[in-house]
Every structure is written in C-alpha cells, then in structure tokens.
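Student: here is my input; please provide its structure:
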Amino acid sequence: MRGRTACLVAAILIGVAACGSNNGLNLATVSGKVTYKGEPLKNGTVMFEPDEARGNTGPQAIGTIKSDGTYTLSSQDAGDGAVVGMHRVGVIGLETEPMSKEDAPTPEQDAMKYLQMKTQAGLKAGRDSMRGKAVQTVTGLDGKVFKVVVPEKVTTTGTSGISVEVSRGSNTINIDIAEDGTAKITH
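Tutor: The predicted structure is shown next:
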C-alpha cells in the first residue's frame, strides 16, 4: 500500500510540474522601464529574442512600452515573460502621435485610401530625409504611420548589440538608450 501511495504522490507531483511549465518552456517574468537619453519612452515595443549562439532557444518575447516607459514581456500568454537564458534585445521607440492626424482606415475597410495614406507618409518621410533629417517610420496595423524616435541601430535584435540574461523567477530589466544607440542595462 505504501508503494502505491508513493507512486500516486509522485505521479501527482510530476503532473503538477508539467502543468505549470508553459508547454515545456522555462519562462520567467520580465518587466522594466525603457528610457532614451534619460527620459522615458512613451510608446513602442521591446523585443527579447533567445540568443541561439549562446545556447538559448524558444519563442521571442514582446512587450508594449506604456506612456511611463514601462513594459512587461509576453511570449505565449499576456505577461508570462521570456525564456530563461541569454537574449538579444531590440527596442522600437515611437512618437506618441501618428504623423498624420487623419484617421487611417484599415486595409479591409478601404484598401485604396490605406495605401494612399501610407504613400503620403512615406513621401513626407522622404522629403524630411532629403532635408538632412533621417526619418524612420513604422506603420501600425491600423494604417497609422509613426515616427521612430530612437537610433535605427537599436530597432532590431540583430543590430542593437543589446544582450541580457533572463534568470528564473521575476526579472526587472531597465534599458537606457543613449543618443548614439548604445544602451545601459540595469536590474
């Protein structure tokens, strides 16, 4: 009887551990604050990509930057965090208001107007670029075009040079981006 009880308890513990494993992923919660030149970014996205070159694999984790500069990462479910291990990081910091004040339709609502507004925003960005102002933009799913306010270098995980380690448990990872695109990480 003791043997059966021990086996039953072991089976329950294994089952509970498997249920809490996020489909086999070893996730840890990650939140923090993103600043640019010492000021909080008010809009944008933070991306953590597992660094395969350093032995980490799994899904990318993404967090929306809120108006106070804070973010919380999600991989599969809201706020579930990032895979434990080394990550390459990208930050897309955006202006809070779109370049055009006019409401842009989605492609499904009015494909022609959506394309026209996107083209106009691209032409404006091109004119600004010709005037010596290098302008990078991002078009949201709603068709609105936002100006990127951080150096282009940090906008992708492949070019940013930002590398962080996510540890088991709860992680606070603050990212301070300098004007030259370098970043300082604090925990």
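
Student: domains in this structure, as residue ranges please.
Tutor: 26-94+149-186, 95-147 (automatic domain parsing).

Student: grab the nearest non-local neighbour of T182.
Tutor: Leaving aside its sequence neighbours, T182 sits nearest to G161 (C-beta to C-beta, 6 or more residues apart in numbering; 7.4 Å). For every residue, glycine as well, the C-beta is placed using N, CA and C.

Student: OK, contacts around the one you found?
Tutor: The neighbours of G161, taking C-beta atoms under 8 Å, 6 or more residues apart in numbering as the test, are 153, 181-183.

Student: save the domains of the chain as JSON lines, and put in mean pLDDT too.
Tutor: Shown next, in JSON lines, are the domains of the chain (pLDDT from 0 to 100):
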{"stretch": "domain 26-94+149-186", "mean pLDDT": "97"}
{"stretch": "domain 95-147", "mean pLDDT": "65"}
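
Student: hey, which of those domains is tucked in deepest?
Tutor: Of the domains of the chain, the one with the most neighbours on average (mean count of other C-beta atoms under 10 Å) is domain 26-94+149-186, at a mean of 18.

Student: pull the residues that contact the helix or strand hosting I185.
Tutor: For I185, the host element (DSSP states H and E) is strand 183-186. Outside strand 183-186, the residues within contact range by C-beta under 8 Å, 6+ apart are 89, 91, 154, 160-162, 164, 173-178.

Student: mind redoing it with 6 Å?
Tutor: Residues outside strand 183-186 that contact it (C-beta atoms under 6 Å, 6 or more residues apart in numbering): 162, 164, 174-177.

Student: equivalent analysis for stretch 53-65, please.
Tutor: Applying C-beta under 6 Å, 6+ apart, the set of residues contacting stretch 53-65 is 25, 34, 41, 44, 46-50, 71-73, 75, 82-83, 85-86.
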